[in-house]
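Trainee: okay, here's the prediction I keep looking at, along with the sequence it came from:
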Number of protein chains: 2
Amino acid sequence: MGLESIVGKMRGCGYKATPQRLAVLRALAAGRHQSLGEIRTRCPEVGLVTIYRTLDLFSEIGAVRRLDLGDGPRYELAEDHHHHLICESCGAVSEFERCPLDLGCIGGMEFEITAHTLEIYGRCAGCR
Amino acid sequence: MGLESIVGKMRGCGYKATPQRLAVLRALAAGRHQSLGEIRTRCPEVGLVTIYRTLDLFSEIGAVRRLDLGDGPRYELAEDHHHHLICESCGAVSEFERCPLDLGCIGGMEFEITAHTLEIYGRCAGCR
DNA sequence: CCGCAGTTGAAAAGTATTTTCGATTAGAGT
DNA sequence: ACTCTAATCGAAAATACTTTTCAACTGCGG
């Protein structure tokens, strides 16, 4: 599982693997594109400030992506690569794995790509 | 110019084209991926609350996209389609026009695509 | 040019996020 | 295993951000 590798990365960067950080990590792994409140619910034993700081830390080491799906910020583990379909009508969010990105055609540049986010907006089957 | 078409869309949806809304529209057109503060600087005559409401309105009719480029929310006109390269090292944001998206391969689904956002993270030439 | 539904802005309320700082703790070195 | 210390934690306070309220104002259809 990838959680181990995140812990390793954390240690490798000189950060301690505290129980609070592990709790946030587990909370993140238990859901997708969660808001701060949802993460908080999943690890109520961790202080609010620490959750903020931990999410910052995880973003910094590239373990977490922050998204904007229309409402406030949402967070998810960067490891399970997928993208989002957001229905502008009912607000439903679904994921799809298949990455329709042709990274080759950006390859010519001097920019070293490490990650990307892609959100697709439209109307879901139910709303049409 | 596309600003006209946004005004038309606004009227078509039953919204009035007030001077405040036009000012926000012009502010948006004068820059790219701006924060609320930057927009506000460009139309200081418009009240803060009205800017929030206008951005909501524009998002609703699809004239404006809201982005998360790492710091807080940012806004830009949806009309000039482009994507973002964000350097995780220095924070610089640059745009590229060429859309590397193969929308065909999502076409099979019952989801009607109207828009999308794509952000690419990495390290820029200067930081490498 | 009248009237009113839609719109505006100032202030207040409500949320969200960051800073501060004393207490606590993971993990390196022994 | 034990100590030590820099890193981390959490509660409260400060700050920043966003939404609600409501009385006054205005674009635009008739």
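Mentor: Received the coordinates, thanks.
Trainee: going forward, measure contacts between C-alpha atoms and count neighbours the same way
Mentor: OK.
Trainee: quick check: residue A:41 vs residue A:65, distance?
Mentor: Computed with CA to CA, to the nearest Å, the distance linking residue A:41 and residue A:65 is 19 Å.
Trainee: and if you look at residue A:88?
Mentor: 22 Å.
Trainee: so residue A:77 sits right up against residue A:26, yeah?
Mentor: No. Assessed by CA atoms under 8 Å, residue A:77 is found out of contact with residue A:26, at 10.1 Å.
Trainee: got the contact list for the most centrally placed residue in chain A?
Mentor: Central residue of chain A (CA atoms, centre = their mean): residue A:76, 2.1 Å from the mean position. For residue A:76, the contacting residues are A:28-29, A:31-34, A:64-66, by CA atoms under 8 Å, 6 or more residues apart in numbering or on different chains.
Trainee: in which helix or strand would I find residue A:28?
Mentor: helix A:19-29 (DSSP states H and E).
Trainee: who does that helix touch, helix- and strand-wise?
Mentor: Using 3 or more CA pairs under 8 Å, 6 or more residues apart in numbering or on different chains; DSSP states H and E, the elements in contact with helix A:19-29 are helix A:36-42, helix A:48-60, strand A:73-77.
Trainee: alpha carbons only: can I get that helix in PDB?
Mentor: The C-alpha coordinates for helix A:19-29 follow below in PDB (Å, rounded to 0.1, in the frame of the first residue of the first chain):
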ATOM      1  CA  PRO A  19       0.300   9.700  15.500                       C
ATOM      2  CA  GLN A  20      -1.600  12.800  14.500                       C
ATOM      3  CA  ARG A  21      -0.100  12.800  11.000                       C
ATOM      4  CA  LEU A  22      -0.800   9.200  10.600                       C
ATOM      5  CA  ALA A  23      -4.400   9.700  11.700                       C
ATOM      6  CA  VAL A  24      -4.800  12.400   9.000                       C
ATOM      7  CA  LEU A  25      -3.200  10.200   6.500                       C
ATOM      8  CA  ARG A  26      -5.700   7.400   7.300                       C
ATOM      9  CA  ALA A  27      -8.600   9.800   7.200                       C
ATOM     10  CA  LEU A  28      -7.500  10.900   3.700                       C
ATOM     11  CA  ALA A  29      -7.200   7.300   2.600                       C
END
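Trainee: report the rounded mean pLDDT for it.
Mentor: Averaging pLDDT along helix A:19-29 gives 98.
Trainee: need the residues that contact it.
Mentor: Contact partners of helix A:19-29, identified using CA under 8 Å, 6+ apart, comprise A:3, A:34, A:39, A:42-43, A:45-46, A:50-51, A:54, A:75-77.
Trainee: turn the residues you listed into CSV, including pLDDT.
Mentor: Formatted as CSV, the contacts of helix A:19-29 follow (pLDDT from 0 to 100):
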residue, pLDDT
A:3, 88
A:34, 97
A:39, 98
A:42, 97
A:43, 97
A:45, 97
A:46, 98
A:50, 98
A:51, 98
A:54, 98
A:75, 97
A:76, 95
A:77, 95
